[in-house]
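Chemist: no sequence for this one, just the structure:
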């Protein structure tokens, strides 16, 4: 991008930055969960209509798509932002603290939405692309596959995209830094629920009944050997037990206990091995104690895999936006339902630094004191705009 264009962007963004900051903080104060992002979607739709952008609501229940066409070109690009919050009690003390008890924007989706609105504003004011931009505002990223819901509702059939791009703030990277990589950037996410049952009795008479809690405890230990003993040590994968529930009295062996956890991987073969190993161990460990087990295993998000050409576009756009952009040295084991869009279309997912560069930020993503860094709104707006210029350059 030329220095003239860069200066023009800065001048235009300066005109609306205060309003964008107000929008971001308003969204933070009024977080909504999953597909119930009705207020947020209304804010988005009204802003886009104000710009004269064609607006479509109710995509995938509560998703919004804005369509901006310029020139006569037939090429198109999709830009995606997520809108939903998390079921977390906010512990920070900003003036715009959450007004919805037990719900907060602990992942920065308020910022992502605001940056894409800013990009829509900027691109509506300039004429340096030829084609169609689809601004995709998605509900239910946090575990409910809102991206898939929008796709199933005809997203790419109704709004064709030659490629699709998304950004996520990244507290582990310093403000002004951006990273992505070709290939896997975020992991596939699975959930498992194991119920161990068939025991129960008096705690003072363990010889009369199988010990459900003992079997469950042993099962937790054995599950934690799967990755280290069944997966190639050079392949990144993870299994974490996150919940163990059982019993309601100090003097009873419970009739059943439950284990819940998550699995993260990048390779389908590793995913298959982990699931098969978990099912085998969950059957045999309780059986050794005379107990039964029921396993539910749900592969809810695939790995987020950038296509090489679009990953390079994302980095090129970041540099044009004035960011210190580089190839990420390794993927993250967190997950993202943008993966469903990348299964349908070429595209890339970018990490946008918002921290101070420390490897262990004080308030990481999903932390009750997390807050989006408003200083990076401009970075995100300019990156989205540069992606469009790269893909639809006049």
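Modeler: Done, it's in. The model shown is predicted, which means the values in this text are computed figures rather than measured ones.

Chemist: when you work out contacts or count neighbours from here on, use the C-alpha atoms and nothing else.
Modeler: Will do.

Chemist: for the spatially closest residue to residue 372 that is not a sequence neighbour, the count of nearby residues, please.
Modeler: Excluding its sequence neighbours, the residue lying closest to residue 372 (CA to CA, 6 or more residues apart in numbering) is residue 108, at 5.2 Å. Residue 108 has 25 neighbours, counted by other CA atoms under 10 Å.

Chemist: adjust the sequence numbering to begin at 46 for everything that follows.
Modeler: Let's use 46 as the start, then, which means that last one is residue 153.

Chemist: which pLDDT value belongs to residue 153?
Modeler: Note on residue 153: pLDDT of 98.

Chemist: so what's it up against?
Modeler: 213-214, 410, 416-417 (CA atoms under 8 Å, 6 or more residues apart in numbering).

Chemist: over to residue 57?
Modeler: residue 167.

Chemist: rerun that using 10 Å as the cut-off
Modeler: 51, 166-167, 170-171 (CA atoms under 10 Å, 6 or more residues apart in numbering).

Chemist: which one of the residues you listed is nearest residue 134?
Modeler: Using CA to CA, residue 166 is the member of the contacts of residue 57 that sits closest to residue 134, with 32.7 Å.

Chemist: and stretch 290-307, average pLDDT?
Modeler: 96.

Chemist: ends of that stretch, what's the gap?
Modeler: 16 Å (CA to CA, to the nearest Å).

Chemist: one more: stretch 240-253?
Modeler: 21 Å.

Chemist: any low-confidence regions in the chain?
Modeler: Residues of the chain that meet the criterion pLDDT under 70 lie in 46-52, 439.

Chemist: centre-most residue in it?
Modeler: By CA atoms, centre = their mean, the chain has its centre lying nearest to residue 381, at 3.6 Å.

Chemist: that one: which element?
Modeler: When elements are assigned from DSSP states H and E, residue 381 belongs to no helix and no strand.

Chemist: can you give me the buried ones in stretch 63-72?
Modeler: Residues of stretch 63-72 classed as buried: 65-66, 68-72 (neighbour count, 16 or more other CA atoms under 10 Å).

Chemist: before we move on, what about stretch 87-97?
Modeler: Of the residues in stretch 87-97, 89-90, 92-93 count as buried by neighbour count, 16+ other CA under 10 Å.

Chemist: what segments of the stretch 46-195 of the chain are helices?
Modeler: If DSSP state H, counting those that start in this stretch is used as the criterion, the helices of the stretch 46-195 of the chain fall at 48-74, 83-95, 154-170, 191-197.

Chemist: let me have those helices in TSV, extended by distance to residue 243.
Modeler: Below are those laid out as TSV (distance: least, CA to CA, whole Å):
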stretch	distance to residue 243
helix 48-74	47
helix 83-95	45
helix 154-170	44
helix 191-197	38
